[in-house]
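Enquirer: mind folding the following:
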Amino acid sequence: MHVLVTGGGGFLGRYIVEQLVARGDRVRSFGRGKYPELATLGVEVVRGDVTNRDAVIAACAGVDAVIHAAALPGIAVQWAPFEQANVRGTEHVLAGCRTQGVSRLVYTSSPSVVFAGVDQCGVDERAPYDFAWMNANGANYSQSKALAEQAVLAASDATLRTCALRPHLIWGPRDNHLIPRLIDRARSGRLRRVGDGGNHIDTIYVENAAVAHLQALDALNAENSPVAGKAYFLSQGSSVNCWDWIDEILALVELPPVAKSISYASARRAGSLCETIFRLFHIKAEPAMSRFLAAQLATSHWYDVSAARRDFSYAPAISTTEGMKRLGAWLRS
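Expert: From the prediction side, this is the model:
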């Protein structure tokens, strides 16, 4: 196939691109950087931003399928950047697919599109969106991803088959977001356990997440694909204690376990205060805490991935133990 990967130079996107190239597909990457490491693989690197509709439509020309992995993550309090990158950017990808006759689209979503601040233990794809909770708790990223996911799934028809994947807490070598920030906070003494420390969460090793994107893309080839128009949770297949897992990551760089803690209620109050200050002064950076982040760190959220196993044979090939070994080697290097 000839596949366009938006965000192909990003953390997950680069693994997707590498796996497509390794199996013999032609790949075009669309992103804001130059990414010479992709060009050396024979990837066509196109520079552009998903907020530019014309650039996205042009990037979709001549390809068979699109994997839309580009997104703005984080907990910033300003809505406009999330709306432009995640909602409008996805609408531009859909317009590109329609205009250029692309027949398949895999969208990288997030389990946070159905998160509502309470424990989610083994829930499946029937869990509803809760926009009221998102609005009330400043969950801008989640709301933008949910709106984008809705648009992608609603667009699925006989000419454009679409699906959405919800990988939870992607981690592994070359992570430029989650792991570095976690380690930086620990080294500076700013990392606190939120809640009682007993919450369990899902995670997914980055190469497993990338494989799932290729599997879902292949499953969309069939005219009556069971994948079309659906969303799927992805994970390692078994949950972990959130804070034990964080301590394991810190141990990889010889840092001590998290010693200090803060109650969930206190973290929510701190998050609310931070959001108010950042909103009043129009600060674009992310606050140290938010109500959404407090909820994510204190509650359990793990998901049933049996639908992905059934519909496109998803199975994590790289275990958490092996993934941690690879992550540790990368961090030490």
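Enquirer: how about the nearest residue to the residue positioned nearest the centre of the chain, chain neighbours excluded?
Expert: Closest residue to the average C-alpha location of the chain: residue 110 at 5.2 Å, with CA atoms, centre = their mean. Leaving aside its sequence neighbours, residue 110 sits nearest to residue 145 (CB to CB, 6 or more residues apart in numbering; 4.9 Å). C-beta here means a position set from N, CA and C on the backbone, and glycine is covered the same way.
Enquirer: contact partners for residue 131?
Expert: Applying CB atoms under 8 Å, 6 or more residues apart in numbering, we find residue 131 in contact with 143, 146.
Enquirer: show the backbone phi and psi for it.
Expert: phi -70, psi -30 (degrees, to the nearest 10).
Enquirer: now it: how far from residue 71?
Expert: 18 Å (CB to CB, to the nearest Å).
Enquirer: same question for residue 134.
Expert: Going from residue 134 to residue 71 by CB to CB gives 16 Å.
Enquirer: tell me, how many residues neighbour the closest residue to residue 140 other than its chain neighbours?
Expert: Excluding the flanking residues, the one nearest residue 140 by CB to CB, 6+ apart is residue 82, at 4.6 Å. Using other CB atoms under 10 Å, residue 82 has 25 neighbouring residues.
Enquirer: would you mark the buried spots in the helix or strand residue 82 falls within?
Expert: Following DSSP states H and E, one finds residue 82 within helix 79-82. Using 16 or more other CB atoms under 10 Å as the test for burial, helix 79-82 gives residue 82.
Enquirer: give me the contact list for it.
Expert: Against helix 79-82 from outside (CB under 8 Å, 6+ apart): 72, 76, 140-141, 143-144, 284.
Enquirer: stretch 236-252 now?
Expert: Residues contacting stretch 236-252 (CB under 8 Å, 6+ apart): 171, 179, 182-183, 186, 191, 193, 197-205, 208, 256-258, 297, 300, 302, 305, 315-316, 319-320, 323-324, 327-328, 331-332.
Enquirer: run the chain-centre distance for that stretch.
Expert: 18 Å (CA atoms, centre = their mean, to the nearest Å).
Enquirer: change the start of the numbering to 17 and stick with it
Expert: All right, first residue 17 from here; so that's stretch 252-268.
Enquirer: pLDDT on that stretch, on average?
Expert: The average pLDDT for stretch 252-268 rounds to 98.
Enquirer: same check, this time on stretch 67-85
Expert: For stretch 67-85, the mean pLDDT works out to 98.
Enquirer: dump the contacts of helix 95-98 into TSV; add pLDDT as well.
Expert: Output for those, formatted as TSV (pLDDT from 0 to 100):
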residue	pLDDT
88	97
92	97
156	98
157	98
159	98
160	98
300	93
